[in-house]
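> need a structure here:
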Amino acid sequence: MSRNFYAGEDISTGSSEGPLLPDILHTEDVSTKTLPSGNQIYDSKALDSWFSGIRKYVTHKYHIYKTELDTQKSAAANEWKSAQDYVSQHVLTDNYERQELLVPAGVLALGAFFTGRVLTNRRNWGFDSPLNTSKAGILARNPSALGRMLTSIPSRMLLPWLLTGTVLSQVTPVTWNNGIKALEQNVLPADLVARYHELWNQYLVDGIQKASASVHRNVNASLQQNIGEVRHFLIKKLDL
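Predicted coordinates:
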């Protein structure tokens, strides 16, 4: 015989009038929509307004940043095009150097730069060698005066660039001179350029070059005089 465990208990069913709304929501703030399937959707007007404001704010900021990004991209493209036109018109003016020598000059200049780095590396002159101690005896590596000069801070900073500039100025002289002129006119301050030219003329043109030309003239005159004296001596000795 089966037993009824719920005998005597009043079983009631829930009301089907609709879902219960939280007390925090007011009835006038809630809108109801009925789907074709018969389901009802309860929506809060305050939440709709808040989410709509957030969505409009994000969309507005997105369009602002997108417009600014497009503007900056267009400006960068224009600047790059202007730089290309300027280089083509004022720096790469020699067709032969541009078509035949520019790439080899770049490779040689890169090699010259790394050569300067090797020459100014302290490890290559024995400064960091494990044998550079008094205990190494005859195997000790003491850096020479040339090594100390090449590994000094000014040499380490300037020598790689000096070798690079020397290679470019010798292989592509027209492009090099145009590049220096463009750098002086558009990048460096006018006062610095004027001072640089003044020092260049003072120490190189009026100093070293004039001294070198004077030495050359004196040596040439001395050689001509000595040759003339030897010739007269031979003429006298040989009775010519």
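> Quick check: which ranges of this protein have low pLDDT?
For the chain, applying pLDDT under 70 flags the ranges 1-28, 126-143, 204-207, 209, 239-240.
> 80 - rerun?
Across the chain, residues meeting the criterion (pLDDT under 80) sit at 1-35, 38, 40-46, 123-145, 196-197, 199-214, 233-240.
> Where do the helices of it begin and end?
Assignment of helices within the chain using DSSP state H yields the ranges 45-90, 95-96, 102-119, 145-150, 153-171, 173-186, 190-200, 210-238.
> could you dump those helices to JSON lines with distance to residue 39?
Backbone N, C-alpha and C define where each C-beta goes, glycine included. Supplementary listing: those in JSON lines, determined by distance: least, C-beta to C-beta, whole Å:
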{"stretch": "helix 45-90", "distance to residue 39": "19"}
{"stretch": "helix 95-96", "distance to residue 39": "79"}
{"stretch": "helix 102-119", "distance to residue 39": "73"}
{"stretch": "helix 145-150", "distance to residue 39": "87"}
{"stretch": "helix 153-171", "distance to residue 39": "78"}
{"stretch": "helix 173-186", "distance to residue 39": "72"}
{"stretch": "helix 190-200", "distance to residue 39": "79"}
{"stretch": "helix 210-238", "distance to residue 39": "101"}
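> Where do the domain boundaries of the protein fall?
As given by automatic domain parsing, the domain ranges for the chain are 45-90, 95-179, 203-240.
> so which of those is the most packed in?
For the domains of the chain, average neighbour numbers computed from mean count of other C-beta atoms under 10 Å are highest in domain 95-179, which has a mean of 15.
> rewinding a little: what I need now is the domains of the chain written out in a markdown table, including distance to residue 196 for each item.
Formatted as a markdown table, those follow (distance: least, C-beta to C-beta, whole Å):
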| stretch | distance to residue 196 |
| --- | --- |
| domain 45-90 | 20 |
| domain 95-179 | 14 |
| domain 203-240 | 11 |
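> closest to residue 29 out of these?
domain 45-90 (5.4 Å; C-beta to C-beta).
> chain center to that closest one, what's the gap?
25 Å (C-alpha atoms, centre = their mean, to the nearest Å).
> residues in contact with stretch 178-193?
Applying C-beta atoms under 8 Å, 6 or more residues apart in numbering, the contact partners of stretch 178-193 are 86, 90-93.
> What are the buried residues along that stretch?
Under the neighbour-count criterion of 16 or more other C-beta atoms under 10 Å, stretch 178-193 has 178-179, 184 buried.
> Among those, find me the one that's closest to residue 144.
Using C-beta to C-beta, residue 179 is the member of the buried residues of stretch 178-193 that lies nearest residue 144, at 36.3 Å.
> could the contacts of stretch 178-193 go into JSON lines alongside distance to residue 203?
As requested, the contacts of stretch 178-193 are exported to JSON lines (distance: C-beta to C-beta, whole Å):
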{"residue": "86", "distance to residue 203": "32"}
{"residue": "90", "distance to residue 203": "29"}
{"residue": "91", "distance to residue 203": "28"}
{"residue": "92", "distance to residue 203": "31"}
{"residue": "93", "distance to residue 203": "30"}
